[in-house]
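Asker: Got a predicted structure plus its sequence, pasted below:
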Amino acid sequence: MEIRTDLALEARELVKEDIKGMKMTTESTANMKITKMEVLSQSAAESLGKDKGTYITCEFKALTADFTAADERLDIIGRQIRELVPKSGTALVVGIGNHNITPDALGPLAAAKVLATRHISGDLAQSLGLDKLRSVCVVSPGVLGQTGIEVSELISGIIEKTGASCIIAVDALASRRLNRLGCTVQISDTGISPGAGVGNNRRVISKKTTGIPVIGIGVPTVVDAATLAADLLSPDSEEDGEKLRAMVEPKGQMMVVTPREIDLLIERASFLIGMAINVALHPDFTAEELLELSK
């Protein structure tokens, strides 16, 4: 039975033996645990079921229980994002997901908190004291069912017109454990698959498909129901696992589990991610200054 997770850290937990061709470091700071995993070889990528690249996982107390607007996690997560973002050029921030489905609304709501600055330049920027802001474009392209256009197609057109040097894509993710929902952020340089969190994978957005670096940022908002059942019950065999999936997902209909307080989780997680992106892209400004500019 396949255990579904979008988190590289969880994929590593599922592989019991040592994996050659990968490097992992962990640090703790400000009530946050940060794990950096570098998948360096193709054999390691195949063992994990994840692409080669860097995956940074930030774990902290649940946002539904512990959150303030001027949270120090803005700076910490912002610095982690900055590690993977090219130092110059226009950054294109893409909020992926469906605003009308709460567990899938992380991307659009996070994008709404990101400062769009590409139009602020020259004398206007100097007169406002904003000439040190980096050029940033922000877009929430919706989903295929709303627009009839693949997100990857829209992004390709925007890159062509703006000359963006990198993409920062935000989307909801799926975890294998309930205790990681709303208290985990994954940042990677391997791109992102739109709709992955709610089981509606679309064309991958990556450096290979766009021609520019793609930094994917996500927060797990759902757990696949069959994965959760398998995690709790630990079926003895693959056959038992498939029977369990058939019971949890009648007639092959995939089901997901999300917290009762998902509205609050999404509201706070999107604010945290959006503001952390601002911190990452505008190092000459403090988090407090960026908070004021985003109002």
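Answerer: Nice, I can see it. Numbering: from 1, shown residues only.
Asker: contacts and neighbour counts: CA atoms only from here.
Answerer: Fine.
Asker: For the residue positioned nearest the centre of the chain, give its distance to Ala229.
Answerer: Closest to where the C-alpha atoms of the chain average out (C-alpha atoms, centre = their mean) is Gly218, at 1.6 Å. Separation of Gly218 from Ala229 (C-alpha to C-alpha, to the nearest Å) stands at 23 Å.
Asker: Likewise for Leu130?
Answerer: 52 Å.
Asker: residue boundaries of the strands in the protein?
Answerer: 22-29, 32-39, 53-59, 91-95, 136-139, 166-175, 184-188, 214-224, 256-257 (DSSP state E).
Asker: neighbours of Leu293, just the number please.
Answerer: Residues contacting Leu293 under the criterion other C-alpha atoms under 10 Å number 10.
Asker: Quick check: buried residues in the longest helix seen in the chain?
Answerer: Of all the segments of type helix in the chain, defined by DSSP state H, the longest one is helix 262-281. Within helix 262-281, the residues that count as buried by 16 or more other C-alpha atoms under 10 Å are 262, 264-281.
Asker: mind exporting it as PDB, just the C-alpha atoms?
Answerer: Output of helix 262-281 as PDB, limited to C-alpha atoms (Å, rounded to 0.1, in the frame of the first residue of the first chain):
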ATOM      1  CA  ILE A 262      -8.700  24.500   9.200                       C
ATOM      2  CA  ASP A 263     -10.000  28.000   8.600                       C
ATOM      3  CA  LEU A 264      -7.800  29.400  11.400                       C
ATOM      4  CA  LEU A 265      -4.800  27.200  10.300                       C
ATOM      5  CA  ILE A 266      -5.000  28.500   6.700                       C
ATOM      6  CA  GLU A 267      -5.400  32.100   7.800                       C
ATOM      7  CA  ARG A 268      -2.300  32.000  10.000                       C
ATOM      8  CA  ALA A 269      -0.200  29.800   7.800                       C
ATOM      9  CA  SER A 270      -0.800  32.000   4.700                       C
ATOM     10  CA  PHE A 271       0.100  35.100   6.700                       C
ATOM     11  CA  LEU A 272       3.300  33.400   8.000                       C
ATOM     12  CA  ILE A 273       4.400  32.200   4.500                       C
ATOM     13  CA  GLY A 274       3.500  35.500   2.700                       C
ATOM     14  CA  MET A 275       5.400  37.600   5.200                       C
ATOM     15  CA  ALA A 276       8.300  35.200   5.300                       C
ATOM     16  CA  ILE A 277       8.600  35.600   1.500                       C
ATOM     17  CA  ASN A 278       8.700  39.400   1.900                       C
ATOM     18  CA  VAL A 279      11.500  39.000   4.500                       C
ATOM     19  CA  ALA A 280      13.400  36.700   2.100                       C
ATOM     20  CA  LEU A 281      13.100  39.000  -0.900                       C
END
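Asker: What's the mean pLDDT across that helix?
Answerer: Here helix 262-281 scores 94 as its mean pLDDT.
Asker: the inter-axis angle of that helix versus strand 91-95?
Answerer: 180 degrees (axes from the mean of the first three to the mean of the last three C-alpha atoms, to 10 degrees).
Asker: tell me what helix 262-281 is packed against?
Answerer: Contacts defined by 3 or more C-alpha pairs under 8 Å, 6 or more residues apart in numbering; DSSP states H and E place helix 262-281 against helix 73-84, helix 106-111, strand 214-224, helix 287-293.
Asker: Tabulate the ones you listed in a markdown table, adding columns for mean pLDDT and distance to Glu27.
Answerer: A markdown table is the format used below for those (pLDDT from 0 to 100; distance: least, C-alpha to C-alpha, whole Å):
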| stretch | mean pLDDT | distance to Glu27 |
| --- | --- | --- |
| helix 73-84 | 93 | 12 |
| helix 106-111 | 96 | 26 |
| strand 214-224 | 94 | 19 |
| helix 287-293 | 86 | 22 |
